[in-house]
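Trainee: Got a predicted structure plus its sequence, pasted below:
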Amino acid sequence: MFEAGDVLRVLETLGEAGCEVWIAGGWGIDALVGRVTREHGDLDLLHRVEQEPAVIAALEAAGYAEREGVVPGRPARFVMAGPHGRELDLHPLRFAPDGSALQRLDERGGALSYPAAAFVTGVIDGARVPCLSAAQQVHFHQGYEPRERDLHDMARLREAFGIVTHF
């Protein structure tokens, strides 16, 4: 399990290596609402694709190693497993000059888009952290059958921001 202190240590490690990252997924939602609302088995991080060698090197130095056989895998994402079974789900982004970004999904041109306004800050354990906006989180929680944790996360966003979610 990832605890708040573990998240902040990963962010510090990557920041010291000069890497820009943004928290997504469950920890991203907790950052938006400013408190831990559930247990987290992993940490989703978005990073600049051109910084990927530095991201990998910094995480390897901290005891993480890339896990093979992840589906879907590259170019959309890759997973690094680390100390105490912690997993990082890493998503490379290619940024445009206007601050928007694309995440390649496959070799056929599939991609997810992130408007510049998707990159905001939240709070974990009293520390300001980069994360995805509530609107982007809601957008990414569409088009699939929600799991219990997805229902929980969307309920937290509705409570905190008064926004409408589709489940």
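Mentor: Done, it's in.
Trainee: Can you get me a residue count around the closest residue to D98 other than its chain neighbours?
Mentor: When the adjacent residues along the chain are set aside, D98 lies closest to A116, with 5.8 Å between them (CB to CB, 6 or more residues apart in numbering). (Each C-beta comes from the backbone N, C-alpha and C, glycine too.) Here the neighbour count serves as a burial measure; for A116 (other CB atoms under 10 Å) it reads 11.
Trainee: how about the helices in this protein?
Mentor: Counting by DSSP state H, residue ranges of the helices within the chain are 4-16, 25-33, 52-61, 134-140, 148-161.
Trainee: Just name the most buried of those.
Mentor: helix 25-33 (a mean of 24; mean count of other CB atoms under 10 Å).
Trainee: coming back round to it: the residue nearest to D98 reaches G99, doesn't it?
Mentor: Yes - taking contact to mean CB atoms under 8 Å, the distance of 3.3 Å between A116 and G99 places them in contact.
Trainee: any idea how far A101 is from the residue in the chain sticking out farthest from the centre?
Mentor: For the chain, the residue at maximal distance from the C-alpha centroid (CA atoms, centre = their mean) is R108, at 23.7 Å. Taking CB to CB, to the nearest Å as the measure, R108 and A101 are separated by 19 Å.
Trainee: what does V120 give?
Mentor: The value you get for V120 to A101, if CB to CB is used, is 13 Å.
Trainee: More neighbours: which of the two?
Mentor: Neighbour totals were compared for V120 and A101, and A101 leads with 23 against 17 (other CB under 10 Å).
Trainee: Fine by me, thanks again.
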